[in-house]
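Novice: Generate a structure from the sequence data that follows.
(one chain, ligands or ions: 2)
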Amino acid sequence: MRAVIPYKKENAKSRLSPVLSKEEREEFVELMLRDVVDSLLCAGITNIDVLTTSSEGVPEDLEVNLVVTEPGLNVSINEYLRTVDEPTIIIMADLPLVKSSHLKKITSFPEDVVIVPGKGGGTNILFLSQPKEFTVKYHGCSFLSHCDITSDLGKSIRIFDSLLASTDIDEPHDIVELLIYGDGLSKEYAEKRFCTETGKGRVKISPSSKLSGFI
Ligand SMILES: Nc1nc2c(ncn2[C@@H]2O[C@H](COP(=O)(O)OP(=O)(O)OP(=O)(O)O)[C@@H](O)[C@H]2O)c(=O)[nH]1
Ligand SMILES: C[C@H](OP(=O)(O)O)C(=O)O
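Specialist: Ligands and ions are numbered 1, 2, ... in the order given. This is a model prediction of the structure:
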């Protein structure tokens with residue numbers, strides 16, 4: 001079994017720009033990548049490819065193989081899938097809440113395809129028992145696209161339902177979940193910049209008292 005993490009550090013997480021500068025977002029995404037790699041290694045998944053738009057963005061000390069590709073998420077993953085002959089888990093780099101226990105379960109289901117939905121219709125994780133036959137279609141409502149693609153191939157599917165695995169850190173309010181449930185390097189980073197604000201409704205983030213305010 002192998003894992004592939006698509007990764008683009010350059011101007012990463014642009015949807016977090018209301019609360020983090022470009023430099024901060026690039027630092028943050030690198031810590032999230034470290035957390036994801038750590039969870040994979042703890043789950044015993046050690047053959048990890050980082051499919052990256054630039055080798056410079058990936059820390060040298062990470063125990064991963066680098067696959068450098070042109071920008072373009074779908075094209076690069078689909079080209080990659082044509083080259084693999086073993087069950088493959090495609091896991092996004094912005095999932096610092098994923099635990100090794102989730103990954104162990106996801107990779108032990110008997111179905112051909114396991115999907116972990118992402119917030120707002122995305123796909124956080126795809127586990128493909130026969131990756132060569134599968135074509136990914138991220139962006140838009142990729143969760144439904146991936147269900148349709150699986151069904152068109154006549155393959156069986158399992159949807160893995162988990163708050164933590166389904167929380168991708170895309171928008172400022174997602175950082176609330178990281179502050180509440182996180183336990184890795186990206187949570188530490190978020191704690192330096194934000195704190196939680198409780199009131200009548202959902203918990204919100206606000207700038208840490210050490211900072212003067214959001215940019
Ligand atoms: N290899 C590769 N990975 C990508 C590319 N675009 C995004 N990714 C990665 O794909 C995953 C999901 O992407 P998004 O959640 O849209 O992340 P993003 O592009 O940094 O965020 P936004 O700028 O807010 O859309 C993350 O792990 C990204 O690092 C790309 O062009 N090539
Ligand atoms: C890549 C995309 O990520 P999102 O924009 O949902 O974070 C998706 O899951 O289809």
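Novice: Now do the helices in the protein.
Specialist: Applying DSSP state H to the chain gives helices spanning 22-42, 73-81, 100-106, 142-152, 174-181, 185-193.
Novice: for these, which one ends up most surrounded?
Specialist: The highest mean neighbour count among these, using mean count of other CB atoms under 10 Å, belongs to helix 22-42: a mean of 20. Quick note: C-beta positions are derived from backbone N, CA and C, even for glycine.
Novice: Tell me which other helices or strands that helix touches.
Specialist: Here helix 22-42 is seen to pack against strand 2-7, strand 48-52, strand 88-91, helix 100-106, helix 185-193 when contacts are counted using 3 or more CB pairs under 8 Å, 6 or more residues apart in numbering; DSSP states H and E.
Novice: Between the ones you listed, which one is closest to ligand 2.
Specialist: For the helices and strands packed on helix 22-42, the distance to ligand 2 is smallest for strand 2-7, at 8.1 Å, taking CB to the nearest ligand atom.
Novice: Is the closest one in proximity to ligand 2?
Specialist: No: contact of strand 2-7 with ligand 2 is not found when judged by CB under 6 Å from any ligand atom; the minimum separation is 8.1 Å.
Novice: can stretch 134-151 be found next to ligand 1?
Specialist: No: Stretch 134-151 stays clear of ligand 1 (CB under 6 Å from any ligand atom), getting no nearer than 7.1 Å.
Novice: As JSON lines, the helices of the chain with mean pLDDT would be great.
Specialist: As requested, the helices of the chain are exported to JSON lines (pLDDT from 0 to 100):
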{"stretch": "helix 22-42", "mean pLDDT": "98"}
{"stretch": "helix 73-81", "mean pLDDT": "98"}
{"stretch": "helix 100-106", "mean pLDDT": "98"}
{"stretch": "helix 142-152", "mean pLDDT": "98"}
{"stretch": "helix 174-181", "mean pLDDT": "98"}
{"stretch": "helix 185-193", "mean pLDDT": "97"}
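Novice: Distance to residue 130 added to those helices, as a markdown table?
Specialist: Compiled in a markdown table, those are given as follows (distance: least, CB to CB, whole Å):
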| stretch | distance to residue 130 |
| --- | --- |
| helix 22-42 | 20 |
| helix 73-81 | 10 |
| helix 100-106 | 16 |
| helix 142-152 | 11 |
| helix 174-181 | 32 |
| helix 185-193 | 32 |
